[in-house]
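**Student:** Coordinates for the following, if possible.
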Amino acid sequence: MSSLPEVAVHEIAHRVRPMADADLPRVERIEAASYTHPWSRGNFADSLAAGHSMWVREADGELIGYYVMMAAAGEAHLLNLTIAPAWRRHGLGRDLLGHCLACACAHHAAALFLEVRVSNAAAIALYHGSGFTDLAVRRGYYPAGEGREDALIMKKALQC
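**Tutor:** So this is what the prediction gives:
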């Protein structure tokens, strides 16, 4: 399924489960469709091998989103959160972020940090709406079409 079905999104069977090696081809396709400078399959495989917390969201068996979180030393860092383009703007990213926040709490993190492209207004709005605050700007953090793009560093204190 490459686009939304005819039924309402909330009527479809959804589940979130740990990411597995077998998911990497589908994750790679979503990543490539979502970003001009996507993570490679190797980036995801390395994150799995490192033991990062990696989860996928499925709708009727189709992988439609995922996140990668690293947790250590009482902190968590959201490295990647993506919903397939056809499934965006239905609250699925917010739901997956909620799962990530609960997972960070399960790892006894006091805060969740992330970086986001300053041009990604939809993601910034999602994070602000979920209680994240702006900490700083990391100059030239992301590769861009011409040169580099700044990243907004954000943080959410966790009340676990």
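**Student:** from the chain's centre, how far out does stretch 77-91 sit?
**Tutor:** Mean-position distance between stretch 77-91 and its chain equals 6 Å (CA atoms, centre = their mean, to the nearest Å).
**Student:** quick one: the helices in this protein?
**Tutor:** In the chain, the helices defined using DSSP state H lie at 24-34, 41-50, 92-106, 121-129.
**Student:** Figure out which of the ones you listed is closest to residue 71.
**Tutor:** Nearest of those to residue 71, taken as CB to CB: helix 92-106 at 6.3 Å. Where you see a C-beta, it was placed from the backbone N, CA and C, and this is true even at glycine.
**Student:** Give me the helices and strands touching that closest one, please.
**Tutor:** For helix 92-106, the packing partners by 3 or more CB pairs under 8 Å, 6 or more residues apart in numbering; DSSP states H and E come out as strand 14-18, strand 53-59, strand 62-72, strand 75-83, strand 111-117, helix 121-129.
**Student:** list the contacts for residue 31?
**Tutor:** 38, 39, 44, 80, 82 (CB atoms under 8 Å, 6 or more residues apart in numbering).
**Student:** Could you rerun that using 7 Å?
**Tutor:** By CB atoms under 7 Å, 6 or more residues apart in numbering, residue 31 lies in contact with 38, 39, 82.
**Student:** mind checking how far the first one is from residue 29?
**Tutor:** Residue 38 sits at a distance of 10 Å from residue 29 (criterion: CB to CB, to the nearest Å).
**Student:** Residue 149: which of the helices and strands packed on helix 92-106 is closest?
**Tutor:** Closest to residue 149 of these, according to CB to CB: strand 111-117, at 5.4 Å.
**Student:** Could you give the separation of that closest one from the chain centroid?
**Tutor:** On the basis of CA atoms, centre = their mean, strand 111-117 sits 10 Å off its chain's mean C-alpha point.
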